[in-house]
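> Take this sequence and fold it.
(one chain, ligands or ions: 1)
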Amino acid sequence: MNNEASELDIKELLTRQKQFYDEDRTRSVEYRRVMLTRLRDALQSREAEIMEALRLDLNKSELEAYSTEIGIVLEEIRHICKRLARWAKPRKVRTALTHTGSKGMIVPEPYGTVLIIAPWNYPFQLAISPLVGAIAAGNTVVLKPSELTPSVSAILKSILAEVFQEEHVAVVEGGVEVSTKLLKCKFDYIFFTGSVNVGRIVMEAAAKHLTPVTLELGGKSPCIVHEDANLVLAARRIVFGKFTNAGQTCVAPDYLWVHKNVKEQLLQEMRHVIRDFYGEHPLSHPDYGRIVSRRHFDRLVMFLQDGQVVLGGRSDEGSLKIEPTVLDQITWDMPVMQEEIFGPVFPVLEYEDLEELIARVRSHPKPLALYLFSQSKAIQNQVISSLSFGGGTINDTLMHLATPYLPFGGVGDSGMGSYHGLESFKTFSHEKSVLYQTTRFDFTFRYPSSKNALRII
Ligand code: NAD
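So this is what the prediction gives:
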């Protein structure tokens with residue numbers, strides 16, 4: 001299917017996918033495993049092309065492309081293939097006393113035909129990772145990659161066409177128009193990753209067909225550094241989390257909240273780390289990422305007027321790069337604090353009283369991630385138990401996302417539902433409850449005008 005897929009093309013594709021699904025081939029767990037293995041082999045054999053596409057679209061280095069995109073996906077496939085047969089088996093559960101003699105079973109079944117809409121910031125990982133879950137659960141899939149990363153979109157289309165027939169997995173390329181046409185159709189499940197505003201549009205469209213959704217959205221994720229933190233380690237891990245992919249990471253620390261007593265020392269450490277990672281001139285460092293589009297670049301450059309630049313601050317229109325930048329003297333009413341930054345601009349706030357900080361975070365929408373640097377168990381427990389957020393890491397950044405053992409997803413405005421590992425399988429499966437009733441005896445007290453409680457048949 002070409003870029004300009006019409007509504008008719010899409011409907012016809014969906015009909016073919018539904019026919020394929022009804023042939024029951026994807027019901028076989030072995031078939032799913034074989035297809036996932038073929039997908040893994042194809043990704044491995046075309047790794048260089050994927051890296052090249054990521055370099056072209058976002059200037060991702062090979063190290064970054066592997067560790068944050070390709071490696072994560074290969075690990076996800078390995079993890080799921082190893083456990084799939086066990087997860088897919090019907091599970092016996094206990095029954096209540098009133099159900100004596102019967103047997104309860106939970107039977108996972110695929111939803112059917114799934115729509116996956118992917119964003120541009122990790123255009124490979126955020127397309128393939130949900131796809132792996134949907135295939136593992138036995139669905140057919142229509143994948144729409146982001147139009148802002150055309151090289152990755154093209155390589156995804158080519159690889160997936162090599163592995164799957166279109167009736168099983170199809171890539172439909174395009175932007176808002178194509179997305180809108182897709183959303184008009186009735187899918188059995190929609191998995192969306194992107195902004196909060198588009199998340200609302202997706203949910204509204206899904207509601208028309210009563211289609212269940214997972215929404216992986218964004219938000220302003222705080223990074224808190226308490227006065228007892230190991231500052232050398234904190235600086236390195238925060239700089240890594242904030243400036244990887246030039247800050248265009250949904251779970252990047254959005255702003256820094258540092259205890260007044262350690263602020264200067266932390267900023268000093270961060271200055272050293274930024275120089276270590278990206279040199280004296282990050283704008284010309286070959287491995288420092290670029291901003292995805294002119295529109296996003298202009299939006300980010302506006303933020304450089306807020307507060308006072310204490311680190312970085314330069315930008316280059318030609319290459320769409322902005323230096324790793326730290327802003328001090330920030331207040332909540334400034335534009336940089338009004339929306340998710342999604343770029344290499346890092347505002348700093350200081351605090352003295354943790355209770356006040358907690359109250360402030362609570363007054364904002366629930367973030368996708370939260371990071372806390374503190375050695376104290378009591379402080380860690382206080383923050384975790386009093387604040388709601390999608391997921392987070394204590395004494396590091398981003399890493400909770402990179403393990404298939406932890407469900408990944410948002411809460412409140414940062415999204416609903418989760419995936420990765422077992423959670424991906426569950427997300428794309430309906431859990432059918434089945435009660436096998438005994439025919440050896442019958443509890444007759446539930447029947448109208450019953451005289452005996454039990455009748456042996
Ligand atoms: P976006 O919402 O603009 O676009 C995401 C997808 O939706 C794209 O494929 C796009 O073509 C499509 N789309 C855009 N406008 C649409 C419309 N009006 N109707 C239907 N479809 C439409 O998001 P983005 O700019 O690609 O990504 C950035 C956002 O995504 C940030 O807010 C970030 O936090 C969030 N994000 C979240 C996660 C997560 O896992 N929770 C991961 C990455 C990005």
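> For the rest of this, base every contact and every neighbour count on C-alpha atoms.
Noted.
> Show which residues not belonging to the host helix or strand of R83 make contact with it.
If you go by DSSP states H and E, R83 is part of helix 71-88. Helix 71-88 is touched from outside by 29, 33, 36-37, 40, 66, 107-108, 125, 128-129, 132, 136-137, 402, 404, 420-422, 425, with contacts defined as Cα atoms under 8 Å, 6 or more residues apart in numbering.
> how far does stretch 398-418 stretch from start to finish?
For stretch 398-418, the first-to-last residue distance is 16 Å (Cα to Cα, to the nearest Å).
> and that stretch, what's its mean pLDDT?
For stretch 398-418, the mean per-residue pLDDT is 96.
> Tell me the buried residues in that stretch?
398, 400-402, 404, 406-411, 413-415, 417-418 (16 or more other Cα atoms under 10 Å).
> Same question for stretch 220-235.
220-227, 229, 231, 233-235.
> and it, is it in reach of the ligand?
No. Contact of stretch 220-235 with the ligand (Cα under 6 Å from any ligand atom) is absent, the minimum separation being 8.4 Å.
> Output that stretch in PDB, but only the C-alpha positions, please.
Extracted C-alpha coordinates of stretch 220-235, given in PDB (Å, rounded to 0.1, in the frame of the first residue of the first chain):
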ATOM      1  CA  LYS A 220       6.500  16.800  32.500                       C
ATOM      2  CA  SER A 221       8.600  14.200  34.300                       C
ATOM      3  CA  PRO A 222      10.400  15.600  37.400                       C
ATOM      4  CA  CYS A 223      13.900  14.700  38.400                       C
ATOM      5  CA  ILE A 224      14.500  15.300  42.100                       C
ATOM      6  CA  VAL A 225      18.000  15.400  43.600                       C
ATOM      7  CA  HIS A 226      18.000  15.300  47.400                       C
ATOM      8  CA  GLU A 227      20.800  16.700  49.500                       C
ATOM      9  CA  ASP A 228      22.100  13.200  50.500                       C
ATOM     10  CA  ALA A 229      22.500  12.100  46.900                       C
ATOM     11  CA  ASN A 230      25.700  10.800  45.400                       C
ATOM     12  CA  LEU A 231      26.200  13.900  43.200                       C
ATOM     13  CA  VAL A 232      28.900  12.600  40.900                       C
ATOM     14  CA  LEU A 233      26.800   9.600  39.900                       C
ATOM     15  CA  ALA A 234      23.600  11.700  39.800                       C
ATOM     16  CA  ALA A 235      25.200  14.200  37.400                       C
END
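> mean confidence score for it?
On average, stretch 220-235 scores 98.
> and of the buried residues of stretch 220-235, the nearest to the ligand?
Nearest to the ligand among the buried residues of stretch 220-235 is K220, at 8.4 Å by Cα to the nearest ligand atom.
> sorry, back to before: of the contacts of helix 71-88, which belong to strands?
Counted as lying in strands by DSSP state E, out of those, are V107, P108.
> re the thing from before, quick check: the farthest pair among the buried residues of stretch 398-418?
P404 and D413 (23.5 Å; Cα to Cα).
> So which of the buried residues of stretch 220-235 are in strands?
Short answer: the buried residues of stretch 220-235 in strands (DSSP E) are P222, C223, I224, V225.
> about what we covered before: pull the distance from the helix holding R83 to the chain's centre.
Centroid separation for helix 71-88 versus its chain: 17 Å, with Cα atoms, centre = their mean, to the nearest Å.
> one step back: out of the contacts of helix 71-88, list just those in helices.
Among those, the members found in helices (DSSP state H) are V29, R33, L36, T37, R40, Q125, I128, S129, V132, A136, L422, F425.
> between those residues, which has the most around it?
Neighbour tally across the ones in helices among the contacts of helix 71-88 (other Cα atoms under 10 Å): the maximum, 31 neighbours, falls on A136.
> nearest residue to it other than its sequence neighbours?
Distance criterion Cα to Cα, 6 or more residues apart in numbering; nearest residue to A136, sequence neighbours excluded, is R32 at 5.7 Å.
> ok, the one you found - how many residues close by?
Look at R32: counted by other Cα under 10 Å, it has 23 neighbours.
> Next: S67.
13.
> what's the straight distance from one end of stretch 163-178 to the other?
Taking Cα to Cα, stretch 163-178 runs 24 Å from one end to the other.
> That one: which residues count as buried?
Taking 16+ other Cα under 10 Å as the criterion, stretch 163-178 shows V163, E166, E167, H168, V169, A170, V171, V172, E173, G174, V178 as buried.
> And for stretch 264-279, what's in contact with it?
Residues from elsewhere that reach stretch 264-279 (Cα under 8 Å, 6+ apart): L231, V232, A234, A235, R236, V239, H285, D287, Y288, L311, P324.
> so how far is it off the chain centroid?
The answer for stretch 264-279 is 29 Å, by Cα atoms, centre = their mean.
> and G318, helix, strand or coil?
Under DSSP: H, G, I helix; E, B strand; the rest coil, G318 falls in the coil class.
> Pull the contacting residues for it.
By Cα under 8 Å, 6+ apart, G318 has no neighbours at all.
> Distance check, it against the ligand.
21 Å (Cα to the nearest ligand atom, to the nearest Å).
> Shouldn't V251 be within a strand?
No. Counting by three-state DSSP, V251 falls outside a strand, being coil.
> so who does it touch?
V251 sits next to G218, S221, L368, A369, L398 when contact means Cα under 8 Å, 6+ apart.
> repeat for P119
Contacts of P119 by Cα under 8 Å, 6+ apart are L126, A127, P145, S146, T193, G194.
> just the strands in the stretch 251-400 of the chain please.
Ranges of strands in the stretch 251-400 of the chain, per DSSP state E, counting those that start in this stretch, are 255-259, 308-311, 315-316, 321-322, 325-328, 345-351, 369-373, 391-394.
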